[in-house]
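Participant: sequence plus the predicted model coming up.
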Amino acid sequence: MDKVGIGFIGCGNISEAYLKAATKFPILDIRGVADLKPEAAQARASQFGLEAVSVDALLRDPAIEIIVNLTIPAAHVEVGLMAIAAGKHVHSEKPLGLTTAHARTLLEAADKRGLRVGCAPDTFLGGAHQTCRKLVDEGAIGKPVAGTATFMCPGHERWHPNPAFYYAEGGGPMLDMGPYYITALVNLIGPVARVSGSTSRVRSERLITSEPLKGTKIDVEVATHVAGTMEFASGAIVSIATSFDVPKHRHVPIELYGTEASMIVPDPNYFGGTIQLAQAGQEWVDQPIGHAYGDGNYRSIGVADMAHAIRAGRPHRASGELALHVLEVMEAFETSSRLGRHVSIETRPARPQILPTAFSAGGLG
């Protein structure tokens with residue numbers, strides 16, 4: 001199968017993981033990296049033996065078919081539209097946009113040009129989460145009834161070198177980490193139909209304790225604790241909590257409860273992890289991972305799947321439609337909290353096709 005040329009715009013913290021993973025997929029041909037800060041692009045290019053170019057040069061390169069957009073959330077739609085205008089497919093870091101309305105403009109522009117939009121997270125394509133999907137599809141837990149999803153921490157200013165954007169518009173624990181949890185759940189049990197939520201902001205500013213900005217204070221513009229309930233179209237009801245205000249907790253990332261058994265789903269920020277099942281009155285039992293890509297950080301698998309989909313003429317799994325649905329759900333928690341009522345979700349993406357358990361090296365069926 002012919003390789004697909006890709007170019008990266010945005011060479012910040014997450015770009016290292018993407019570039020490392022991209023080399024594991026033979027279909028991907030990395031043609032160059034770009035950043036508004038030329039020194040950032042040059043540093044990543046030197047690290048991986050690539051060419052650093054300007055954003056304009058990257059967009060003009062006829063050998064590049066997919067732009068991987070790793071800019072900050074506030075620039076996701078703007079940079080994506082630039083890629084679409086240049087005739088490129090685009091795969092974006094999460095979230096797809098700051099608002100559902102803004103993100104729709106990207107999908108509409110791509111549709112008019114016959115181009116594809118993809119979006120992180122792609123961790124749901126990892127071996128652990130694909131195995132969970134297979135277990136659900138095979139009826140291992142019976143009909144999904146309920147569940148919990150939890151991400152809570154003291155805040156990213158403790159470790160991130162430049163954490164201000166986590167507390168600006170487009171940040172916050174729901175838009176930052178919610179995509180992993182909600183995408184994983186949609187992959188398992190289908191789309192969300194209705195949301196109720198409550199949000200809070202404990203502090204108006206945060207103190208950075210990580211280097212190199214240790215001691216600097218940053219403004220907090222968004223809710224830093226978001227909790228609520230998702231009612232899925234399937235009938236399942238899942239409680240979710242995301243927070244930058246919790247010193248420590250003992251909740252597992254995701255539990256899913258069915259009519260026949262309960263399942264512990266691994267952390268959706270990773271590709272592997274331990275899966276456990278328990279029937280009524282029984283103890284938890286570890287389940288073997290039966291799919292590939294569960295033994296490392298494959299944070300370009302969504303790009304590789306898009307590349308294979310382009311060549312095969314099939315839908316890609318980490319799609320813009322899926323990301324738009326997840327963004328609409330996340331946005332609904334704030335709306336519900338403000339209005340004091342349930343919020344119905346308009347989008348209804350299909351569950352992504354499950355990955356095959358066996359395929360050729362580097363291939364994604």
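Facilitator: Received, thanks.
Participant: His156 touches Tyr166, doesn't it?
Facilitator: Yes - assessed by C-beta atoms under 8 Å, His156 is found in contact with Tyr166 at 4.8 Å. To be clear about C-beta, it is placed using only N, CA and C from the backbone, and glycine gets the same treatment.
Participant: which one's more surrounded, these two?
Facilitator: Counted by other C-beta atoms under 10 Å, His156 and Tyr166 do not tie: Tyr166 has more neighbours, with 24 against 21.
Participant: touching, the more buried one and Asp176? I think so.
Facilitator: Yes - at 6.0 Å, Tyr166 counts as touching Asp176 under the criterion of C-beta under 8 Å.
Participant: what touches both of His156 and Tyr166?
Facilitator: 176, 244 (C-beta atoms under 8 Å, 6 or more residues apart in numbering).
Participant: overlap in contacts, Tyr166 and Asp176.
Facilitator: His156.
Participant: residue ranges of the helices in this protein, please?
Facilitator: In the chain, the segments counted as helices under DSSP state H are 15-22, 38-48, 55-60, 76-85, 100-113, 127-137, 172-189, 301-312, 320-339.
Participant: got the buried residues for the second one?
Facilitator: Applying a neighbour-count criterion of 16 or more other C-beta atoms under 10 Å, one finds 40-45, 48 buried in helix 38-48.
Participant: what's the burial count for the nearest residue in space to Ser198 that is not next to it in sequence?
Facilitator: When the adjacent residues along the chain are set aside, Ser198 lies closest to Ser337, with 4.9 Å between them (C-beta to C-beta, 6 or more residues apart in numbering). Per other C-beta under 10 Å, the neighbour tally for Ser337 reads 19.
Participant: now swap in the one 4 residues further on and tell me
Facilitator: Other residues within reach of Arg341 by the criterion other C-beta under 10 Å amount to 9.
Participant: next one: Ala193
Facilitator: Other residues close to Ala193 by other C-beta under 10 Å number 18.
Participant: not counting sequence-adjacent ones, nearest residue to it?
Facilitator: Ala193 sits nearest to Ala233 (C-beta to C-beta, 6+ apart), 4.4 Å away.
Participant: report pLDDT for Ser360.
Facilitator: In this model, Ser360 is scored at 41, pLDDT.
Participant: do Pro163 as well
Facilitator: Confidence score, pLDDT, at Pro163: 94.
Participant: and it, what does it touch?
Facilitator: With C-beta under 8 Å, 6+ apart, Pro163 has these contacts: 155-157, 206, 208, 210, 218.
Participant: again, only this time at 7 Å
Facilitator: Pro163 makes contact with 156-157, 208, 218, according to C-beta atoms under 7 Å, 6 or more residues apart in numbering.
Participant: ok, His342 next?
Facilitator: Contacts of His342 (C-beta under 7 Å, 6+ apart): 194-196, 336.
Participant: how close does it get to Gly290?
Facilitator: 38 Å (C-beta to C-beta, to the nearest Å).
Participant: neighbours of Leu19, how many?
Facilitator: Leu19, neighbours per other C-beta under 10 Å, totals 22.
Participant: could you measure from it over to Asp305?
Facilitator: Distance from Leu19 to Asp305, by C-beta to C-beta: 17 Å.
Participant: circling back: quick check, nearest of the contacts of His342 to Asp122?
Facilitator: Val195 (23.5 Å; C-beta to C-beta).
Participant: surely His76 touches Thr99?
Facilitator: No - with contacts counted by C-beta atoms under 7 Å, His76 stays clear of Thr99, the gap being 11.1 Å.
Participant: of those two, who's got more company?
Facilitator: His76 (27 against 15).
Participant: how close does the nearest residue to the more buried one once chain neighbours are set aside get to Leu355?
Facilitator: In space, and not counting its chain neighbours, His76 is closest to Ser92: 5.0 Å by C-beta to C-beta, 6+ apart. In this view, Ser92 and Leu355 are 21 Å apart by C-beta to C-beta.
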